[in-house]
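In: coords please:
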Amino acid sequence: MEKDKKNRKKITGTVVSTKMNKTVVVLSNRFIKHPKYGKYIKRSKRYKAHDETDAHKVGEVITIEECRPISKDKHFRVL
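Out: This is a model prediction of the structure:
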């Protein structure tokens, strides 16, 4: 069990939506290097995360952690 907890993915991002019950939508940005031209490109992805207490507001920077599937789209929870 301890080994499983070490390998969980952690992502830092900004809360962009709190309209769902016990759920926050987190926008995560990352920079990747273009394979041919070498320029860095910004890529973003939205994750739905479980927030049991609905404590987080739009604009906050939070960290989310991978967990078992909670619903069809939610596979992360707020740390």
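In: What distance do you get for residue 33 to residue 39?
Out: Computed as Cβ to Cβ, to the nearest Å, the residue 33 to residue 39 distance reads 8 Å. In this view, the C-beta of every residue, glycine as well, is placed from N, C-alpha and C.
In: Skip the chain neighbours and tell me the closest residue to residue 31.
Out: In space, not counting the residues next to it along the chain, residue 31 is nearest to residue 40; the distance is 4.6 Å by Cβ to Cβ, 6 or more residues apart in numbering.
In: got it, and residue 52?
Out: Residue 52's closest residue in space is residue 22 (Cβ to Cβ, 6+ apart), at 6.1 Å.
In: list the contacts for the one you found?
Out: Applying Cβ atoms under 8 Å, 6 or more residues apart in numbering, we find residue 22 in contact with 50-52, 54.
In: On the pLDDT front, check residue 6 for me.
Out: In this model, residue 6 is scored at 77, pLDDT.
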